[in-house]
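Undergrad: Sequence unavailable; structure follows:
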């Protein structure tokens, strides 16, 4: 029997972490600009332009635009869209939940964050979903302590989601981040012993992760639109997505880019 070894995961120097903090500050300002603009009637293309202008104006570059052919600066996640929704002519509507995911690269170093918000008043299911997804993120970050393993992060997220009757999307995961937008290890939002060698990665100071729970009100299964990007819940149920970029510290995680 072949024993799968956990991937090797590099650690960032203090100088490298500082550049990731700078990238994170740009992401946080961009998300705040978008939050203020997310009103009924605004198009997702307008949000995308705001994000690109903010990132480039700060001396950084969008991480997503051109990545494997992705055409935009942000990903927009309306209602049942879990991830990778392409901005366009669609307008935000009252009573819906909308997620924004954005990344940038500053002097060669990436940061990535996401949030989901209500547009106007939403029903109880959507309010609970938003609250639970953010608490999943908080639990995952709290578990990212030196000496623990990726499995501890995954398990912490899954416990919070399933305790509220929600499901964890399984085919999409968090990831390492740094010089590349996606680096080892994978950081699933669920724990399935033996499924991934990444679960056994030992967390050490200087490791940087993008922790990003994606939680659905119904099934965890997803389908992809003909555009090859937009990923939705298979049953059309709403989903919520939050993400921080974090660095494992000597005692606890430091948030480098906060999905607020």
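TA: Cool, the structure landed. Since the structure is predicted, the reported quantities are computational estimates derived from the model, not experimental observations.
Undergrad: Show me the helices in the stretch 101-250 of the chain, by range?
TA: Using DSSP state H, counting those that start in this stretch, the helices of the stretch 101-250 of the chain run over 124-143, 150-163.
Undergrad: So which of these is nearest residue 223?
TA: Smallest distance to residue 223 across these (CB to CB): 19.2 Å, for helix 124-143. For glycine as for every other residue, the C-beta is placed from the backbone atoms N, C-alpha and C.
Undergrad: Report the angle between that closest one and helix 150-163.
TA: Angle of helix 124-143 versus helix 150-163, following axes from the mean of the first three to the mean of the last three CA atoms, to 10 degrees, is 160 degrees.
Undergrad: dump the residue contacts of residue 219.
TA: 167, 233-235, 237 (CB atoms under 8 Å, 6 or more residues apart in numbering).
Undergrad: Buried ones among the residues you listed?
TA: 167, 233, 237 (16 or more other CB atoms under 10 Å).
Undergrad: Tell me the spacing between the second one and residue 193.
TA: Spelled out, that is residue 233. 26 Å (CB to CB, to the nearest Å).
Undergrad: What about the closest residue to residue 246 other than its chain neighbours, how many residues nearby?
TA: Nearest non-adjacent residue to residue 246, counting by CB to CB, 6 or more residues apart in numbering: residue 253, 4.3 Å away. Residue 253 has 23 neighbours, counted by other CB atoms under 10 Å.
Undergrad: Tell me, what's the model's pLDDT at residue 253?
TA: As summarised for this prediction, residue 253 has a pLDDT of 97.
Undergrad: Pull up the gap between it and residue 47, please.
TA: From residue 253 to residue 47 the distance is 29 Å (CB to CB).
Undergrad: do residue 186 as well
TA: Distance, residue 186 to residue 47, by CB to CB: 29 Å.
Undergrad: low pLDDT regions in the stretch 1-150 of the chain?
TA: Along the stretch 1-150 of the chain, the model assigns pLDDT under 70 to residues 1-3.
Undergrad: so where do the strands sit in it?
TA: 61-62, 74-78, 81-83, 96-106, 109-119 (DSSP state E, counting those that start in this stretch).
Undergrad: Residue 109 reaches residue 24, doesn't it?
TA: No - the criterion here is CB atoms under 8 Å, and residue 109 misses it with residue 24 at 9.5 Å.
Undergrad: okay, these two: which has more neighbours?
TA: Neighbour count, other CB under 10 Å: between residue 109 and residue 24, residue 24 has more, with 27 against 24.
Undergrad: Quickly note the distance from the more buried one to residue 104.
TA: 9 Å.
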